[in-house]
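K.L.:
Okay, here's the prediction I keep looking at, along with the sequence it came from:
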Amino acid sequence: MLKWKDFDRSHKIFVWMTAIFVICLVIADLTGAMLFSFQLPGLPEPVLLSAGIIPFPVTFILTDLLNEFYGKEGAKFVTWVGFGMCLLTASLLYVGSLLPVDAHTFIPKATFMTITNQYMGMFVASLIAYLIGQMLDIQVFHIFRAITKHRFIWLRATGSTVVSQLFDSIIVSCIAFWGQMPFHHIMRLAFGNYTWKFIVAVGITPLLYFGHILLARLMPRQEATLESVETEYKSV
């Protein structure tokens, strides 16, 4: 029988990264149907965004770090774990919606159904977009990684996110809101979300380098990676 002490630090870090990835993904799905808007000076219309974009960028960083330290297979494994947990969440919400409600419940059936229906409404759209976006992100990341010969972390991380999230934003907006709002509003939402993701992808570059340095320090076998990351970070 395996004991906890049999797992090295890299295995424990992988568990933490997977857990955070799944939590952010599920929360993004649960809040994805809640839209908010704000007006920016100089723009004719308010910026329309989904609340799901708040936790979702965390998955950008984790996907890039998983790609870097655990390879393509490690990143794909976490992608499929996330997919499975989204299915489990949908299944449990559905079962919960079938239960007879007691008169003394703290959460009325109508409130629970609002949350459940909100999640289900985004469920198919987000899963299709998620799988396409994640697999595209992983492939583009490794293409850039091969081209740059493991240099320019910012290029492969930002480049893969920019490409994959364009498809993700358009797919999830079209499937989730088709027939519920005019097409130009759907496109405004899609490109509003994409613009935000692009800004975040560029803005979190320092966090990405910090994550590379931290993981390289925590995993002794990554000494060469640590040296190259620190050198590149100083040159940015």
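P.N.:
Nice, I can see it. Numbers count the residues shown, from 1 in each chain.
K.L.:
can you give me the strands for this protein?
P.N.:
Assigned strands in the chain, in chain order: 35-38, 47-50 (criterion: DSSP state E).
K.L.:
which residues are in contact with the last one?
P.N.:
Think strand 47-50. Strand 47-50 is contacted by residues 31-40, 185, 188-189, 192-193, 196 when judged by C-beta atoms under 8 Å, 6 or more residues apart in numbering. Just so you know, the C-beta spots here come from the backbone N, C-alpha and C atoms, and that holds for glycine as well.
K.L.:
Starting from it, tell me which strands it pairs with and how they run.
P.N.:
Take DSSP bridges as the rule and strand 47-50 pairs in its sheet with strand 35-38 (antiparallel).
K.L.:
Please save the CA atoms from the strand it pairs with in CSV.
P.N.:
Below are the C-alpha coordinates for strand 35-38, written out as CSV (Å, rounded to 0.1, in the frame of the first residue of the first chain):
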residue,chain,number,x,y,z
LEU,A,35,-23.5,38.8,-17.0
PHE,A,36,-22.3,42.2,-15.9
SER,A,37,-21.4,45.4,-17.8
PHE,A,38,-19.7,48.7,-17.2
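K.L.:
I'd like to check what contacts that strand. Which residues are they?
P.N.:
Under the contact criterion C-beta under 8 Å, 6+ apart, strand 35-38 has outside partners 46, 47, 48, 49, 50, 51, 189.
K.L.:
possible to save these as a markdown table with pLDDT?
P.N.:
Below are the contacts of strand 35-38 laid out as a markdown table (pLDDT from 0 to 100):
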| residue | pLDDT |
| --- | --- |
| 46 | 78 |
| 47 | 74 |
| 48 | 74 |
| 49 | 77 |
| 50 | 75 |
| 51 | 79 |
| 189 | 79 |
